[in-house]
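[1] Sequence and predicted model, in that order:
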Amino acid sequence: MSDERPVMPRGQVARTARLASLPLGAAGRATLGLGKRLSGQSAEAVSAELQARTAEQLFAVLGQLKGGAMKLGQTLSVFEAAVPEEMAAPYREALVKLQEEAPPMPVRTVHAVLAQQLGGTWRQRFREFDDTPAAAASIGQVHRATWRDGRDVAVKIQYPGAGTALMADLNQLARFARLFSSLFPGLDVKPLIAELKARVAEELDYGLEADAQRAFAAAYADDPEIAVPRVVASAPKVVVSEWMEGTPLSRIIADGTREQRDRAGRQMAVLHFSGPQRAGMLHADPHPGNFRLMPDGRLGVIDFGATARLPDGHPEPIGRLLRWALAGRAPEVLADLRSEGFVRPGMEIDPEGVLDYLRPLLEPVAEPHFHFTRAWMQEQAARIADPRTEANRLGRQLNLPPAYLLIHRVTIGSIGVLCQLDADAPWRAVLEEWLPGFKD
């Protein structure tokens, strides 16, 4: 691997040019498709080819740029289950690769960051250090090493210039948000980008990430279901933590057994709802690359750069609203929605209409067991996104208060992963144990 290649294309002009190639490429493919249809090829064949080419270009650009471009791609990946199968198929392989792979930074840059963050004698802290990265993500990459006490460790190193690239990418991607609607119909990407921008400083502070990981590791120490690697050392741009073996969740999604799918899905739900109660935080980056199914059956959790700090636990009104809705108590549901700011001011809404809107979304906890499937998520996405439906009309009258924005996004993203897993488990029992206000 050459050390002369730049770490990231940081120049504003270079990065803007690559991002600008996305809509230009889409326009070019549309023109090519029209020509092929005029020459006699079927619309289905042309559409399939265009989708495959769009996926290839989109995720190649996002992955090469790392930064905000790749961060958006990883965030979008959890919504893949909502895309109709005929559209999703060309993207699935590219999405999995985006979750697990990215071009590495040069070796000399790796060493320079380690020297700056851990001191000039950084090598003395390790018995061995593998210069080839074991994994790479949006703003950093991970190397496998052996700590001086013999422990296998993961060394997460932030890309130089990651902050500048992150903000430049997100600002540029906001201008191209409409392009993503062809991949994820019904998903408004602009608010997602705005949320990512608001959390940039936290994502870039590996000190905060290390603190969050320590809190989770302490909360789940010796837990029979969830495993969090302990932090060994940390600095503003480097985190060293215990190495975690296991099968990536992306592989379980691709070809896992029924038992693996159901176990991993239930454990993800346990993490989601128990984290705020046990650690005072919600793990806020649910894409499959951050989870491992370990040999002992536990769910291994990594990457704590994105967390929602909930020192008082999950908001009690969420559980209470779910309980009212499942009991069919429409007036109480609407009253609580209003008091929490979920109804736009001045809107007159039929209480029973609200229940009709919510009931399909509550199917996973209406009965003791529920089977999450791509078809179910696609049905819900279509019902809410279709402007001809009553659900769409009512949805426009509702509001998502800022305090619930991140919780909502993580919940929907987690459900997307459960649908990719095709997981069947007793979700209601998980909520009864961990969600305040849900159980009488």
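    Now that the structure is in, tell me what you want to look at.
[2] which ones are touching residue 267?
    Taking Cβ atoms under 8 Å, 6 or more residues apart in numbering as the contact definition, residue 267 lies against 225-226, 298-299. C-beta here means a position set from N, CA and C on the backbone, and glycine is covered the same way.
[3] Highest neighbour count among those?
    Neighbour counts for those peak at residue 299, which has 24 neighbours (criterion: other Cβ atoms under 10 Å).
[4] Is the closest residue in space to it that isn't next to it in sequence part of a helix or strand, or is it coil?
    With sequence-adjacent residues excluded and distances taken as Cβ to Cβ, 6 or more residues apart in numbering, residue 299 is closest to residue 267, at 3.7 Å. Reducing the assignment at residue 267 to three states with DSSP: H, G, I helix; E, B strand; the rest coil gives helix.
[5] and if you look at residue 250?
    Reduced to three states by three-state DSSP, residue 250 is helix.
[6] Take the contacts of residue 267 and lay them out in TSV including pLDDT.
    Listed next are the contacts of residue 267 as TSV, based on pLDDT from 0 to 100:
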residue	pLDDT
225	97
226	98
298	98
299	98
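[7] what's around residue 190, how many residues?
    13.
[8] All the strands of the stretch 251-400 of the chain, in order from the start?
    Using DSSP state E, counting those that start in this stretch, the strands of the stretch 251-400 of the chain run over 281-283, 291-293, 299-301, 307-309, 370-371.
[9] With residue 420 as the reference, name the closest of those.
    With Cβ to Cβ as the criterion, residue 420 lies closest to strand 291-293 of the strands of the stretch 251-400 of the chain, at 11.6 Å.
[10] Let me know how buried residue 139 is, in neighbour terms.
    With other Cβ under 10 Å as criterion, residue 139 counts 25.
[11] is it true that it touches residue 158?
    Yes. At 5.9 Å, residue 139 counts as touching residue 158 under the criterion of Cβ atoms under 8 Å.
[12] Touching both of the two, which residues are there?
    Taking Cβ under 8 Å, 6+ apart as the contact rule, the neighbours common to residue 139 and residue 158 are residue 204.
[13] how close does the residue nearest to residue 370 when sequence neighbours are not counted get to residue 422?
    Once flanking residues are discounted, residue 370 sits nearest to residue 364: 4.2 Å by Cβ to Cβ, 6+ apart. The span separating residue 364 from residue 422 equals 13 Å under the rule Cβ to Cβ, to the nearest Å.
[14] what is in contact with these two at once?
    The overlap between the contact sets of residue 364 and residue 422 (Cβ under 8 Å, 6+ apart) consists of residue 372.
[15] Can you check my assumption that residue 233 lies in a strand?
    Yes. Note on residue 233: a strand contains this position according to three-state DSSP.
[16] Tell me what it is bridged to.
    With beta bridges defined as DSSP bridges, residue 233 has these partners: residue 240.
[17] what's the burial count for it?
    Residue crowding around residue 233 was assessed by other Cβ under 10 Å; the count is 16.
[18] confidence score at it?
    In this model, residue 233 is scored at 97, pLDDT.
[19] contacting residues around the helix or strand harbouring residue 429?
    Element membership of residue 429 [criterion: DSSP states H and E] is helix 427-434. In this structure, residues lying in contact with helix 427-434 by Cβ under 8 Å, 6+ apart are 266, 269-270, 273-274, 277, 314, 319, 322, 364-370, 438-439.
[20] Recalculate using a threshold of 10 Å.
    Contacts to helix 427-434, defined as Cβ atoms under 10 Å, 6 or more residues apart in numbering, come from residues 265-278, 313-314, 318-319, 322-323, 326, 363-370, 372, 415, 418, 426, 437-440.
[21] Can you tell me which of those end up in helices?
    Filtering the contacts of helix 427-434 for membership in helices, criterion DSSP state H, returns 265-278, 318-319, 322-323, 326, 363-366, 415, 418.
[22] Need the buried ones from these selected in PyMOL.
    Burial among the ones in helices among the contacts of helix 427-434 is assessed by 16 or more other Cβ atoms under 10 Å; the matching PyMOL selection reads:
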select buried, resi 265+266+267+268+269+270+271+272+273+274+275+276+277+278+318+319+322+323+326+364+365+415+418
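[23] Below-threshold pLDDT in the protein: ranges please.
    Within the chain, the set of residues satisfying pLDDT under 70 comprises 1-103, 137-138, 175-189.
[24] Looking at the strands of the stretch 251-400 of the chain, which is nearest to residue 346?
    Minimum separation from residue 346 across the strands of the stretch 251-400 of the chain (Cβ to Cβ) falls at strand 307-309, 29.8 Å.
[25] The closest one pairs with which strands?
    Using DSSP bridges, the strands paired with strand 307-309 are strand 281-283 (antiparallel).
[26] And the strand it pairs with, how far out from the chain middle?
    13 Å (Cα atoms, centre = their mean, to the nearest Å).
[27] Now do that strand: everything it contacts.
    Contacts of strand 281-283 from elsewhere in the structure, counted by Cβ under 10 Å, 6+ apart, are 211-212, 215-216, 219, 226, 228, 268, 271-276, 290-291, 301-304, 306-311, 313-314, 406-407, 410-411, 414.
[28] Quick one, which of those are buried?
    Among those, the ones that count as buried by 16+ other Cβ under 10 Å are 211-212, 215-216, 219, 226, 228, 268, 271-276, 290-291, 301-304, 306-308, 310, 313-314, 406-407, 410-411, 414.
[29] Fine by me, thanks again.
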